[in-house]
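Asker: Predicted coordinates and the sequence they were generated for:
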Amino acid sequence: MMCALVYGMINRSRRLVFLGLAAVAFTPTVAVASPASPSHAVVAPRPGKFVAKHPLAPLRRLKAQGRVDARDLVKLLGEKNASTAGHARRVGHYAKLIAKELGFSKRHVAQVQRYGFLHDMGKLLTPNTVLNKPGRLTEREFKVMRHHTDRGAAILRATLSQDSAENRMAVKVAKYHHKRPDGKGYPANPMAKKVPLEAKIVAVADVYDAMTSQRSYNVPKTKAQAISVLRAIAGTQLNAKVVKAFLRVAKRLPESNGQVAK
Ligand SMILES: [Fe+2]
């Protein structure tokens, strides 16, 4: 297994968006000259060797087929890591409930649900050895994990072809859903005040689901335990107003997240 750089360039609104993603590549490759553009080398599989598909290959195929739907992307994430896709669906569901509780319009509620579905798309490029690791991550593994926000934003920027306010917001939510009100979290910049409300909603949904889900590294908390943690971290790690809205919603939630509608 070796690391490689994956570059994608897309033209959007008369500007080139350059996508450079550090990706995990499994394919033994050699560079050969492209007949169409002799000045550029293309990468071809070494004959006779095992060739595994690149983690972004299905994404490119989806994009080539036309409009990409959020559910298609979650399905793709599920092919890579089933528990991450389940998490994305539940986060979308909780985010939708919070948005409703905050009085968002029907259309805006549906958009927030979509942002929840898409928030962890960067994990397409996080190795399963890190995603599924039983026990605590090392500092190096945390560093790899933290990249999923920037990578998710880059993947969505390159995949969601329509340059709309909704898609731009999906990119921001992917990028900032781990940024905390006290300025901690990641990415290191910008300041917390630049984080949109939609990302703060997804952050609360994300933390609740992470606490109440069976993960390789922890025993799930009960609903009551998770709620008491949310109360404790409101205002520092999570937006206080959004937590308050979630606590009202939580009264109607089942005890087990396995019963949450998909
Ligand atoms: Fe995340």
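Answerer: Cool, got the structure. Residues are numbered from 1 along each chain as shown.
Asker: which residues touch the longest helix belonging to the chain?
Answerer: Longest helix of the chain, by residue count under DSSP state H: helix 82-101. Applying C-beta atoms under 8 Å, 6 or more residues apart in numbering, the contact partners of helix 82-101 are 70, 74-75, 77-78, 108-110, 112-120, 123, 131-132, 201-202, 204-206, 208-210, 213, 215, 242, 245-246, 248-249, 253, 257, 260-262. The way it works is simple: take the backbone N, C-alpha and C, and place the C-beta from them, glycine included.
Asker: ok, now stretch 160-173?
Answerer: 12-13, 63, 67-68, 111, 114-115, 118-119, 153, 156-157, 196, 198-199, 202.
Asker: cool, stretch 181-194 as well?
Answerer: With C-beta under 8 Å, 6+ apart, stretch 181-194 has contacts from 146, 149-150, 175-176, 178-180, 200, 235-240.
Asker: Restricted to helices, list the residues you listed.
Answerer: Per DSSP H, the contacts of stretch 181-194 map to helices at 146, 149-150, 175-176, 200, 240.
Asker: Could you pick out the buried ones from the contacts of stretch 181-194?
Answerer: 146, 149-150, 175-176, 178-180, 200, 237-239 (16 or more other C-beta atoms under 10 Å).
Asker: Kindly indicate which of those lies nearest residue 219.
Answerer: The nearest member of these to residue 219, counting by C-beta to C-beta, is residue 237 at 20.8 Å.
Asker: Report the mean confidence score over the longest helix of the chain.
Answerer: On average, the pLDDT along helix 82-101 is 96.
Asker: And stretch 167-183, by the same measure?
Answerer: For stretch 167-183, mean pLDDT rounds to 95.
Asker: Tell me how far the residue nearest the centre of the chain lies from residue 114.
Answerer: Per C-alpha atoms, centre = their mean, the C-alpha nearest to the average position across the chain is that of residue 120, at 1.3 Å. According to C-beta to C-beta, to the nearest Å, residue 120 and residue 114 sit 13 Å apart.
Asker: cool, residue 97 as well?
Answerer: Relative to residue 114, and taking C-beta to C-beta, residue 97 is found at 14 Å.
Asker: And residue 171, by the same measure?
Answerer: Where residue 114 is concerned, residue 171 sits at a distance of 12 Å (C-beta to C-beta).
Asker: domains for the protein, by residue range?
Answerer: Using automatic domain parsing, the domain ranges for the chain come out as 1-54, 56-259.
Asker: Most tightly packed of these?
Answerer: Counting by mean count of other C-beta atoms under 10 Å, domain 56-259 has the highest mean neighbour count of the domains of the chain, with a mean of 18.
Asker: Filter the contacts of stretch 160-173 down to just the ones in helices.
Answerer: Reading helices off these with DSSP H, I get 63, 111, 114-115, 118, 153, 156-157, 198-199, 202.
Asker: Mind putting the residues you listed into a markdown table with pLDDT and distance to residue 225?
Answerer: Shown next, in a markdown table, are those (pLDDT from 0 to 100; distance: C-beta to C-beta, whole Å):
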| residue | pLDDT | distance to residue 225 |
| --- | --- | --- |
| 63 | 77 | 41 |
| 111 | 97 | 31 |
| 114 | 97 | 29 |
| 115 | 97 | 27 |
| 118 | 96 | 28 |
| 153 | 94 | 32 |
| 156 | 93 | 33 |
| 157 | 90 | 37 |
| 198 | 98 | 27 |
| 199 | 98 | 25 |
| 202 | 98 | 22 |
